[in-house]
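In: Predicted model, plus sequence, below.
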Amino acid sequence: MNHPQNSLFPELPIYPRLPPVQFLGNKEGLLNWLFTFIPSSNRSQPLRFLDAFSGSGVVAFEAKRRDFLVTANDLLQCCWHTIHGLVQNSTDILTTEEVALLFSDTVQAGELMQKLFTDKFLKASETKLLDQFRANAELLPPLKRSLALAIMNRALTRKVIMGHFAHLQAINYANQPARIKRNPSIAKPLQDLFLELLPEFNQAVFSNHLSHLTYNHDTLELLTLKASYDIAYFDPPYCLSHGDYQAFYHLLETFSRYWTDKTFIGGTNRYHPPLATGFDKKATVIPALQRLFDLSREIPLWVISYNDRSYPSVTEFEKLLRNTSRQVTVHRFEYLNSRGGKGSVKGSSEILWVAERL
Ligand SMILES: C[S@@+](CC[C@H](N)C(=O)[O-])C[C@H]1O[C@@H](n2cnc3c(N)ncnc32)[C@H](O)[C@@H]1O
């Protein structure tokens, strides 16, 4: 989409904002702070910015708004749809006809969502709608498909209390008037939530005249691909402190991938086995961080988010970083309010490491 120039500063284009996110550990509230540690970019000589663990996509999107040339990546496909649909995508919005197609019942659909999640997280009519929507999404070209799935994933997080799927209170709460009063979206039909979000997402499709790339890989694999970056932003899961993103967002991942090769376990019917990541377990996180630093040795500037309640401890983490022979500075942002999730509670500190190659 084309956007007008800013009338006070004609050289600065006015880029849209990402619709508000709801994702554990997201950095939406820290963006201005975070970008004070990153040099400025411009579109005639853009700096190459890697967001290696993109989550909600809010940092990658902000880098696009600030005229970086962005590469963004996440292990979870449900996260990738947001960066593919709103960072890589500079042109394609969803039209009224395409939205009608997404909610039509002309294509034969599967029953995965109905079988797994009816009466656990959603009513039968809504899991049926999801199966049909997922089949219809295949009729759209890839960028539009990702945009559609990103919006539906966002609608799904608005349906459940706390915005994640590691608990089983969604249906219970959606029937309690007091809860609905506090959070009306838990009782709204999914289709209505999608249609409310649609204009905000369509307006967030914009071009900064650069071609961005997105991936759905383990970061340790991504970094073996031949590519160069000026800046890497690393925001891996906070191990031992809401690090298990696959438990929190399993329903969105099952919806996105429409798994045929998994079993589904536990009260929440989460998929099994999970995708392999070294960053969320005590036994593997230190070697994974060491490998991350080793594979990124050519990238001049690393900016790394961390939290003082995670494993390894801040002191141990600092030791790992100092072993990379970089110039390291550490910065703290103290949470004054609890934002949900153990990693961002009142009194805990968000840590930012800035590590420059000497
Ligand atoms: C702390 S969150 C990132 C939050 C993000 N910066 C934001 O502002 O929304 C960590 C992310 O890392 C992803 N992740 C976990 N292991 C990964 C791996 N091995 N490779 C790539 N992404 C991974 C998770 O799916 C999750 O989205």
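Out: Happy to help now that I have it.
In: Backbone dihedrals for T95, both of them.
Out: Backbone dihedrals for T95, given as degrees, to the nearest 10, come out at phi -90, psi 170.
In: How many neighbouring residues does it have?
Out: Neighbouring residues of T95 were enumerated by other Cβ atoms under 10 Å; the total is 11. Where you see a C-beta, it was placed from the backbone N, CA and C, and this is true even at glycine.
In: tell me the SS of the closest residue to the ligand within the stretch 1-150 of the chain?
Out: For the stretch 1-150 of the chain, the residue closest to the ligand is G55, as judged by Cβ to the nearest ligand atom, at 2.7 Å. In three-state terms, and counting by DSSP: H, G, I helix; E, B strand; the rest coil, G55 is coil.
In: just checking, it touches C78?
Out: No. Counting by Cβ atoms under 8 Å, G55 does not reach C78; the two are 10.3 Å apart.
In: buried sites along stretch 301-314?
Out: By neighbour count, and taking 16 or more other Cβ atoms under 10 Å as the criterion, the buried residues in stretch 301-314 are L301, W302, V303, I304, S305, Y306, N307, D308, R309, S310, P312, V314.
In: Ranking helices and strands of this protein by mean pLDDT, which lands last?
Out: Comparing every helix and strand of the chain by mean pLDDT, DSSP states H and E singles out helix 170-174 as the least confident one, with a mean of 78.
In: and that one, how far from the chain's centre?
Out: Relative to the chain's own centre, helix 170-174 is displaced by 25 Å; criterion: Cα atoms, centre = their mean, to the nearest Å.
In: Touching that helix from outside, list them.
Out: Helix 170-174 is contacted from outside by D119, K120, F121, L122, K123, K159, V160, I161, R179, I180, I186, A187, using Cβ atoms under 8 Å, 6 or more residues apart in numbering.
In: list the buried ones in the longest helix along the chain?
Out: Among the elements of the chain assigned as helix by DSSP state H, the one spanning the most residues is helix 142-159. In terms of neighbour count (16+ other Cβ under 10 Å), helix 142-159 has its buried residues at 143-159.
In: Which strands and helices lie in contact with that helix?
Out: Taking 3 or more Cβ pairs under 8 Å, 6 or more residues apart in numbering; DSSP states H and E as the contact definition, the neighbouring helices and strands of helix 142-159 are helix 77-83, helix 96-102, helix 124-137, helix 190-203, helix 250-257.
In: and if we set it to 7 Å?
Out: The elements that helix 142-159 packs onto, with contact taken as 3 or more Cβ pairs under 7 Å, 6 or more residues apart in numbering; DSSP states H and E, are helix 77-83, helix 124-137, helix 190-203, helix 250-257.
In: looking at these, which is closest to D280?
Out: When the helices and strands packed on helix 142-159 are ranked by proximity to D280, the top entry is helix 250-257, at 13.6 Å, counting by Cβ to Cβ.
In: Around P273, how many other residues sit close by?
Out: Counted by other Cβ under 10 Å, the residues lying close to P273 total 10.
In: how close does it get to Y245?
Out: Taking Cβ to Cβ, to the nearest Å as the measure, P273 falls 15 Å from Y245.
In: residues contacting the nearest residue to F49 once chain neighbours are set aside?
Out: The shortest distance from F49 to any non-neighbouring residue, by Cβ to Cβ, 6 or more residues apart in numbering, is to F68 (3.8 Å). With contacts defined as Cβ atoms under 7 Å, 6 or more residues apart in numbering, the neighbours of F68 are S41, P46, L47, F49.
In: what's the pLDDT at F68?
Out: In the prediction, the pLDDT value recorded for F68 is 98.
In: same thing with the one 4 residues further on?
Out: On the pLDDT scale, A72 is placed at 98.
In: beta partners for it?
Out: The bridge-partner assignment for A72, based on DSSP bridges, gives D51, T214.
In: For it, list the residues it contacts.
Out: A72 is in contact with D51, S54, G57, A60, I83, V87, T214, counting by Cβ under 7 Å, 6+ apart.
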